[in-house]
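J.: Sequence plus the predicted model coming up.
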Amino acid sequence: MKQLARPLYAVAFLALAALTACSAPASGSAPSASETSTTADSSAAPAASASAASGPFGGYASAAEACAAISTQATGASLLPLSAAQGKSAELEQKKAELAETAQRVPEALKADFARFNEVALAGLSDQSVYSNGEFEAAMAPVTGWLSANCH
């Protein structure tokens, strides 16, 4: 268990470090006209979130919301094995459901990469070698790349 903890903490630390840029849109710049119109459209029809997944922010109302959700889920996915090891099955199932929901809502440009990331994160629950062989980091790289490019 001690050997597993080091790579997981390293992954979590790297994820947090890579994803901190995502907090800037929420606290920084004002929303653009397209963000504002998307927010109005999304709040008027919350049931249409699946169809909104093809919008510029996927199923999210704004870039800030997309960035925050994707960042949170990417970081949380790196901690799934710790939840499993602690025996918190209800919490683990909730985290898995949230990760799956995020995979459905991400912008189209990130959909395939986030689906792969989700798959690898879930595989890590039963095969922890995905952390030691670099598979998890490789799956996370396009997600953190998207966050770096889109969440200023």
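T.: Structure received.
J.: ok, and for the helix or strand hosting residue 97, which residues are buried?
T.: Assigned by DSSP states H and E, residue 97 belongs to helix 89-105. By neighbour count on 16 or more other CB atoms under 10 Å, the buried set for helix 89-105 is 92, 95-96, 99, 102-103, 105. Bear in mind the C-beta positions are built from the backbone N, C-alpha and C, glycine included.
J.: Average pLDDT for the following helix or strand past it, rounded please.
T.: Note on helix 89-105: by DSSP H and E, the next helix or strand toward the C-terminus is helix 108-123. For helix 108-123, mean pLDDT is 95.
J.: Show residues contacting helix 108-123.
T.: 53-54, 58, 70, 74, 77-78, 80, 96, 99-100, 102-103, 106, 130, 135-136, 139-140, 142-143, 146 (CB atoms under 8 Å, 6 or more residues apart in numbering).
J.: Kindly recompute the last result at 6 Å.
T.: With CB atoms under 6 Å, 6 or more residues apart in numbering as the test, helix 108-123 has contacts from 54, 77, 80, 99, 103, 106, 130, 135-136, 139-140, 142-143, 146.
J.: related to what we said a few turns ago, dump the C-alpha coordinates for the helix holding residue 97 into CSV.
T.: Extracted C-alpha coordinates of helix 89-105, given in CSV (Å, rounded to 0.1, in the frame of the first residue of the first chain):
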residue,chain,number,x,y,z
SER,A,89,-18.5,2.3,-1.7
ALA,A,90,-21.4,4.8,-1.7
GLU,A,91,-18.9,7.7,-2.1
LEU,A,92,-17.0,5.8,-4.8
GLU,A,93,-20.2,5.1,-6.7
GLN,A,94,-21.2,8.8,-6.5
LYS,A,95,-17.7,9.9,-7.8
LYS,A,96,-17.9,7.4,-10.6
ALA,A,97,-21.4,8.7,-11.6
GLU,A,98,-20.2,12.3,-11.5
LEU,A,99,-17.2,11.4,-13.7
ALA,A,100,-19.5,9.6,-16.2
GLU,A,101,-21.8,12.6,-16.3
THR,A,102,-18.9,15.0,-16.9
ALA,A,103,-17.8,12.7,-19.8
GLN,A,104,-21.2,13.2,-21.3
ARG,A,105,-21.2,17.0,-20.8
